[in-house]
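Q: Fold the stuff below for me.
(chains A and B)
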Number of protein chains: 2
Amino acid sequence: MAVDLLGGDDAPAVVVDGALRAMRADPDLHLLLVGPTEVADELIAALGPAQRARITVRPVRDSVGMADHPSAARAESTVRAVVTAVRDGTADALVSAGATGATVTAAVLGLGRWPEIRQPALVATLPAVAGPVVLLDVGGTLEPRPATLARHAVLGAAYAAVAHSVAAPRVGLLSVGTEAGKGDRVRRATDPLLSVEPLPGGAHYVGLVEGYDVTLGARADVVVTDGFTGNVLLKAIEGAYAMAGGPPVGGGAPRAAALLGVAGTVVVCHGSAGADDVASGIALAAHLWRRRAIDLVSALLDGDAVADRSDRSTDTEVRTS
Amino acid sequence: MAVDLLGGDDAPAVVVDGALRAMRADPDLHLLLVGPTEVADELIAALGPAQRARITVRPVRDSVGMADHPSAARAESTVRAVVTAVRDGTADALVSAGATGATVTAAVLGLGRWPEIRQPALVATLPAVAGPVVLLDVGGTLEPRPATLARHAVLGAAYAAVAHSVAAPRVGLLSVGTEAGKGDRVRRATDPLLSVEPLPGGAHYVGLVEGYDVTLGARADVVVTDGFTGNVLLKAIEGAYAMAGGPPVGGGAPRAAALLGVAGTVVVCHGSAGADDVASGIALAAHLWRRRAIDLVSALLDGDAVADRSDRSTDTEVRTS
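A: The predicted model follows:
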């Protein structure tokens, strides 16, 4: 797992701390630390001699700041270097808590998009009453066209089937009411597209769903929305759980999201991630890689019968919250 | 208070029940029941003889359904009749749990918009750590232009000052990050407008805020967003509190919203409102009328020095959740 040591508001301290927690929780984890040598050394110093073999360092000094334009990811930086590590096979997956736009841009440029995916989606999984709810997009594409939302429904259905083993996922389009015709122009244009879109993984479209369904999961396993709404929702839900005195038993709002639509396993953490969030992002990346989730999602999109669904390991569902 | 007996998914039963609860909670409340006579009779039968004097009935048989187009509110219906009651002075305020679009349309047509308000806003108040957070729009205008969002910021600031006695409200524009330039096109266009917009009630613009701020209130007392995002947020937060085992001590997500920008006191409840929600909607309408909130907001918008801020009564802050 390639880790961007300089990504995030509180980097590198929380990233170092999070990486340590992830290593302690998962004895099979190997990390490629990308950032200044002295920061990596600090992490290595905290490990016993036997653990140090699980660390590789790639020294990079520059990073993309939270206020920088995403295109800053074109320049040499930690986020570009973690992407390069995945492309050249040095790492199996990457994790960054840096600016989302920069990570997405670097991943698209460095790894390439899947065919027919113009806009990759960030997908987050929330715990709900009857099981997980897959929410996308949570910040990758702020203003999707209806065709993009329909593609994201396909991505989300495949992800629910592969990453969370949801059988026959129910896919809903987030709107302000469930009756046909409710919503703004993009929702009204997407609803008829989705009702004829073939969905993978035995998924079916259930129509418009509401905000409740994101948190309670009563109507859908996959909730499709634009990245603006998804991002705002996720943070408001996190705040609500903080207000309520803590997350529900099944876990709270996720603070790490997977990027779907690029050729590689990419996990983005909140810019304001704490050490636990970084650790859960690393765990999510390892979980996805071991499940071959990105390959399997891609195969489902191509309409391939997925013969080999064997995991790379026997890990169980990770908590991403 | 004029009450639309036929508004809402579970009308008239929950409206009757909610009206009864509101009357028991507030001995000074008089209700104008608008709907079928037999429904009103059912409510009256549940009251003691002394209480029956607090009820007036206006028989109307037709209603606007949740799936109807908002323009259906043009036809004779309960929602149009409650608006007429406010316009002709028979009622001081109206409450409906019917389709939001129909109620807004009926209120705009029947009561008229304030000058310079092209798009009225639905405003909801959420409890947060340091005090209430006023969120608007929560479903009135799904696709506002930047100028509309800027006007809504003015409405929200005035409402926070008047309805919740917030001194010098902090006004934020909801986006996906706090750094300037974060967000979609409408946010990027609105941010510079708001930074020069004169705000009433001693309010000031604090810039972009995030989803957390809606639930925690750390950065802003007034959060401005489009009606699509606001509506979805409010319902997701409600679901989050249900997931967390109940709302926080200060109260949960509001299930009644005030309409700002029309010449009258109008409160809209959720279509899926329960009896308690209808009761809290009626209590909110009474609270706003007693505080002269709509008049005072209008006066603040006109830039008038508000000499007479005296309440119509001495009621205390009502819970709207």
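Q: Run a quick neighbour tally on A:Gly172.
A: 27 (other CB atoms under 10 Å in any protein chain shown). (Glycine included, C-beta is placed from N, CA and C.)
Q: what does the one 5 residues further on give?
A: When neighbours are counted by other CB under 10 Å, A:Gly177 registers 21.
Q: so it touches A:Gly211, yeah?
A: No: contact criterion CB atoms under 8 Å: A:Gly177 and A:Gly211 do not qualify, at 10.5 Å.
Q: how far away is the nearest residue to A:Gly211 once chain neighbours are set aside from B:Ala253?
A: Spatially, and ignoring its direct neighbours in sequence, A:Gly211 is nearest to B:Lys235 (2.8 Å; CB to CB, 6 or more residues apart in numbering or on different chains). Using CB to CB, to the nearest Å, B:Lys235 is found at 8 Å from B:Ala253.
Q: and if you look at A:Pro146?
A: From A:Pro146 to B:Ala253 the distance is 29 Å (CB to CB).
Q: Pop the domain breakdown of chain A in here.
A: A:1-117+A:261-290, A:119-253 (automatic domain parsing).
Q: can you put the ones you listed in TSV and add mean pLDDT and distance to B:Ala85?
A: What follows is the domains of chain A, written out as TSV (pLDDT from 0 to 100; distance: least, CB to CB, whole Å):
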stretch	mean pLDDT	distance to B:Ala85
domain A:1-117+A:261-290	91	49
domain A:119-253	94	26
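Q: what are the ranges of the helices in chain A?
A: A:13-25, A:37-45, A:49-52, A:78-87, A:100-111, A:146-163, A:185-196, A:211-216, A:227-243, A:275-290, A:293-301 (DSSP state H).
Q: So for B:Ala22, which of those sits nearest?
A: Among the helices of chain A, helix A:211-216 comes nearest to B:Ala22, with 24.6 Å by CB to CB.
Q: And that closest one, what does it pack against?
A: Applying 3 or more CB pairs under 8 Å, 6 or more residues apart in numbering or on different chains; DSSP states H and E, we find helix A:211-216 packed against strand A:121-128, strand A:131-136, strand A:170-174, helix A:227-243, helix B:227-243.
Q: Can you say which of those is nearest to A:Ala286?
A: Nearest of these (CB to CB): strand A:121-128, 15.2 Å.
Q: does any bit of the closest one sit next to chain B?
A: Yes: using CB under 8 Å from any CB of the partner chain, strand A:121-128 comes into contact with chain B via A:127-128.
Q: Number of residues surrounding A:Leu208?
A: 25.
Q: any idea how far A:Val223 is from it?
A: From A:Leu208 over to A:Val223 the distance is 10 Å, taken as CB to CB.
Q: same check, this time on A:Val214
A: Distance from A:Val214 to A:Val223, by CB to CB: 5 Å.
Q: Need the residues touching each of these two.
A: Common contacts of A:Val214 and A:Val223 (CB atoms under 8 Å, 6 or more residues apart in numbering or on different chains): A:133, A:135, A:174.
Q: ok, so of the residues you listed, who is nearest chain B?
A: Nearest to chain B among the shared contacts of A:Val214 and A:Val223 is A:Leu174, at 6.0 Å by CB to the nearest CB.
Q: who's in contact with the closest residue to that closest one other than its chain neighbours?
A: Distance criterion CB to CB, 6+ apart; nearest residue to A:Leu174, sequence neighbours excluded, is A:Thr225 at 4.0 Å. The neighbours of A:Thr225, taking CB under 8 Å, 6+ apart as the test, are A:135-137, A:149, A:173-174, A:233, B:232.
Q: Would you reformat those as JSON lines and include neighbour count and distance to B:Val267?
A: Output for the contacts of A:Thr225, formatted as JSON lines (neighbours: other CB atoms under 10 Å in any protein chain shown; distance: CB to CB, whole Å):
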{"residue": "A:Leu135", "neighbour count": "31", "distance to B:Val267": "31"}
{"residue": "A:Leu136", "neighbour count": "30", "distance to B:Val267": "35"}
{"residue": "A:Asp137", "neighbour count": "31", "distance to B:Val267": "34"}
{"residue": "A:Leu149", "neighbour count": "27", "distance to B:Val267": "33"}
{"residue": "A:Leu173", "neighbour count": "27", "distance to B:Val267": "29"}
{"residue": "A:Leu174", "neighbour count": "26", "distance to B:Val267": "26"}
{"residue": "A:Leu233", "neighbour count": "30", "distance to B:Val267": "25"}
{"residue": "B:Val232", "neighbour count": "31", "distance to B:Val267": "21"}
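Q: Reformat these into TSV and put distance to B:Asp62 next to each item.
A: Shown next, in TSV, are these (distance: CB to CB, whole Å):
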residue	distance to B:Asp62
A:Leu135	39
A:Leu136	42
A:Asp137	42
A:Leu149	37
A:Leu173	31
A:Leu174	32
A:Leu233	37
B:Val232	30
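Q: Just the pLDDT at the most centrally placed residue in chain A, thanks.
A: The centre of chain A sits closest to A:Ala258, judged by CA atoms, centre = their mean, with a distance of 1.5 Å. What the model reports for A:Ala258 is a pLDDT of 97.
Q: Tell me the spacing between the residue lying closest to it once chain neighbours are set aside and A:Gln51.
A: Of all residues not flanking A:Ala258 in the chain, A:Val123 sits nearest, at 5.2 Å (CB to CB, 6+ apart). Distance of A:Val123 to A:Gln51, given as CB to CB: 32 Å.
Q: What of A:Thr141?
A: Separation of A:Thr141 from A:Gln51 (CB to CB): 39 Å.
Q: Of these two, which one has the most company?
A: A:Thr141 (24 against 14).
Q: my guess is the residue nearest to A:Ala258 meets A:Ala158, correct?
A: No: assessed by CB under 8 Å, A:Val123 is found out of contact with A:Ala158, at 10.1 Å.
Q: Distance-wise, check the residue nearest to A:Arg58 when sequence neighbours are not counted relative to A:Ser280.
A: Distances taken as CB to CB, 6+ apart put A:Val34 closest to A:Arg58, at 4.8 Å, once the chain neighbours are dropped. Distance check for A:Val34 against A:Ser280: by CB to CB, it reads 19 Å.
Q: Neighbour count: the two, which is higher?
A: Taking neighbours as other CB under 10 Å, A:Val34 and A:Ser280 compare with A:Val34 leading, 32 against 28.
Q: Distance check, the more buried one against A:Thr105.
A: With CB to CB as the criterion, A:Val34 and A:Thr105 are 17 Å apart.
Q: same check, this time on A:Gly131
A: Applying CB to CB to A:Gly131 and A:Thr105 gives a distance of 33 Å.
Q: before we move on, back to that, A:Pro146 and B:Ala253 - which one has more neighbours?
A: A direct count of neighbours by other CB under 10 Å for A:Pro146 and B:Ala253 places B:Ala253 higher, at 26 against 18.
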